[in-house]
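Peer 1: Give me a model of this one.
(2 chains)
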Amino acid sequence: GENVEQHPSTLSVQEGDSAVIKCTYSDSASNYFPWYKQELGKRPQLIIDIRSNVGEKKDQRIAVTLNKTAKHFSLHITETQPEDSAVYFCAASTASGGSYIPTFGRGTSLIVHP
Amino acid sequence: ETGVTQTPRHLVMGMTNKKSLKCEQHLGHNAMYWYKQSAKKPLELMFVYNFKEQTENNSVPSRFSPECPNSSHLFLHLHTLQPEDSALYLCASSQVGRENTQYFGPGTRLTVL
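Peer 2: Numbers count the residues shown, from 1 in each chain, chains lettered A, B, ... in the order given. Predicted coordinates for the structure are as follows:
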């Protein structure tokens, strides 16, 4: 089955700095890569996703890059703000029975210091 | 809050109790999922239902029994659980064949004594 490794487990930055979270996956059949943000006591929410036919996607201060050859993808947050503090999960999804079954990374706890 | 709802939000039960978790989605989706979220572990997929049919069962112990009576409702029946089953149980839904995004419910915080 799929195996997703996520690093770092904790990331501490100063407000205004950039933050980068990296994930690797093992199954070359995975073709959908979402990123979720989970604030303390709240549900995970999708913040950005990328499909295997795209190398990069950007949405305001958030960007995701994908290298299918190397089987890794990264989340980039620029100009971080205290409200970006949360746990971020990457996932690699493989099509199964018409649905996309995600395998999640262990999560990265991002702390943005004001 | 609309979207995906879960009840109860908190549950404390003994190892001999029987209880059920409920999930309802108001998004018109046709796939539903149960996840277990424990501290310091990745989100663990437990069950997947597509169009009310179970398509995935990730080696989950039989003390967890899912039920999907229709594409909007999903239950997780619990029986003779162990303390290590204490976790946040998240339900999610998505639309098969269109977008791949999973929408999560707020979760049920389960404590097994």
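Peer 1: list the helices and strands the helix or strand of chain A with the lowest mean pLDDT packs on?
Peer 2: In chain A, the helix or strand scored least confidently by mean pLDDT, DSSP states H and E is strand A:99-104, which has a mean of 82. Identification of packing neighbours for strand A:99-104 by 3 or more CB pairs under 8 Å, 6 or more residues apart in numbering or on different chains; DSSP states H and E yields strand A:32-38, strand A:86-96, strand B:44-50. For every residue, glycine as well, the C-beta is placed using N, CA and C.
Peer 1: tell me which residues in stretch A:38-51 are buried?
Peer 2: A:Q38, A:R43, A:P44, A:L46, A:I47, A:I48, A:D49, A:I50 (16 or more other CB atoms under 10 Å in any protein chain shown).
Peer 1: Report the separation between the first one and chain B.
Peer 2: Applying CB to the nearest CB, to the nearest Å, one obtains 9 Å for the distance of A:Q38 from chain B.
Peer 1: by how many degrees do the least confident helix or strand of chain A and strand A:86-96 diverge?
Peer 2: 140 degrees (axes from the mean of the first three to the mean of the last three CA atoms, to 10 degrees).
Peer 1: Direction included, what does strand A:99-104 pair up with?
Peer 2: strand A:86-96 (antiparallel) (DSSP bridges).
Peer 1: All the strands of chain A, in order from the start?
Peer 2: Along chain A, counting by DSSP state E, strands occupy A:4-7, A:10-14, A:19-25, A:32-38, A:45-51, A:56-59, A:62-67, A:72-77, A:86-96, A:99-104, A:108-113.
Peer 1: sorry, that was for chain B
Peer 2: Along chain B, counting by DSSP E, strands occupy B:4-7, B:10-13, B:18-25, B:31-37, B:44-50, B:53-57, B:64-70, B:73-79, B:87-94, B:103-104, B:108-112.
Peer 1: who does the first one touch, helix- and strand-wise?
Peer 2: Going back to what we said before, that points to strand B:4-7. strand B:18-25, strand B:87-94.
Peer 1: switch the cut-off to 6 Å
Peer 2: On a contact count with 3 or more CB pairs under 6 Å, 6 or more residues apart in numbering or on different chains; DSSP states H and E, strand B:4-7 meets strand B:18-25.
Peer 1: what do you get for the fifth one?
Peer 2: For strand B:44-50, the contact count by 3+ CB pairs under 6 Å, 6+ apart identifies strand B:31-37, strand B:53-57 as packing neighbours.
Peer 1: Which among the strands of chain A is found nearest to B:E53?
Peer 2: Ranking the strands of chain A by their distance to B:E53 (criterion: CB to CB) puts strand A:99-104 first, at 10.9 Å.
Peer 1: Pull up the gap between the residue nearest the centre of chain B and chain A, please.
Peer 2: Residue closest to the average C-alpha location in chain B (CA atoms, centre = their mean): B:W34, at 3.1 Å. Distance of B:W34 to chain A, computed by CB to the nearest CB: 13 Å.
Peer 1: next one: B:S38
Peer 2: Computed as CB to the nearest CB, the B:S38 to chain A distance reads 11 Å.
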